[in-house]
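K.L.:
Quick one, structure for this:
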Amino acid sequence: MMLSDDKVSHLSHIVLSGMKTRKLVKLIAGEPEIRKRIKTIITAHLNVCEEVDTIVRKKLKSMKKGLIEGTQEWDILYRKFFDEEGAKRGGI
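P.N.:
Residues are numbered from 1 along each chain as shown. Now for the predicted structure:
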């Protein structure tokens with residue numbers, strides 16, 4: 001699922017604020033640069049998730065069982081295949 005640039009920007013503000021509040025980081029760069037890096041990471045993660053979703057949906061569609069999206073079996077296999085494909089990419 002892709003998010004708008006505004007939503008990703010908002011998330012980057014929330015993440016940075018949380019990290020500062022919890023004193024998880026010591027800032028060695030300006031906040032705009034850090035938010036930009038956070039946005040890059042979020043966007044990259046979402047892109048990988050989209051790629052994995054496409055692969056998993058193709059795999060499910062090619063199964064001879066004729067699985068119907070939304071059924072319990074489809075959901076279980078989707079999660080299983082998604083986790084497997086995510087693990088191949090270092091974990092999602």
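
K.L.:
thought Ile38 was touching Ser12?
P.N.:
Yes. With the criterion set as C-beta atoms under 8 Å, Ile38 and Ser12 qualify as a contacting pair; they are 4.1 Å apart. (C-beta placed from N, C-alpha, C; glycine too.)

K.L.:
Of the two, which one has the most company?
P.N.:
Neighbour count, other C-beta atoms under 10 Å: between Ile38 and Ser12, Ser12 has more, with 22 against 19.

K.L.:
can you list the residues that contact stretch 21-31?
P.N.:
Contacts of stretch 21-31 from elsewhere in the structure, counted by C-beta atoms under 8 Å, 6 or more residues apart in numbering, are 16, 18-20, 34.

K.L.:
rerun at 7 Å
P.N.:
16, 19, 34 (C-beta atoms under 7 Å, 6 or more residues apart in numbering).

K.L.:
Now it: buried residues?
P.N.:
Of the residues in stretch 21-31, none has enough neighbours to count as buried (16 or more other C-beta atoms under 10 Å).

K.L.:
need the longest helix for the chain.
P.N.:
With DSSP state H applied, the helix covering the greatest number of residues in the chain is identified as helix 31-61.

K.L.:
Distance from the helix or strand that contains Lys80 to the middle of the chain?
P.N.:
For Lys80, the enclosing helix or strand under DSSP states H and E is helix 72-88. Its chain's C-alpha centre lies 14 Å from the corresponding centre of helix 72-88 when counted by C-alpha atoms, centre = their mean, to the nearest Å.

K.L.:
got the angle between that helix and helix 31-61?
P.N.:
Inter-element angle recorded for helix 72-88 and helix 31-61: 130 degrees (by axes from the mean of the first three to the mean of the last three C-alpha atoms, to 10 degrees).
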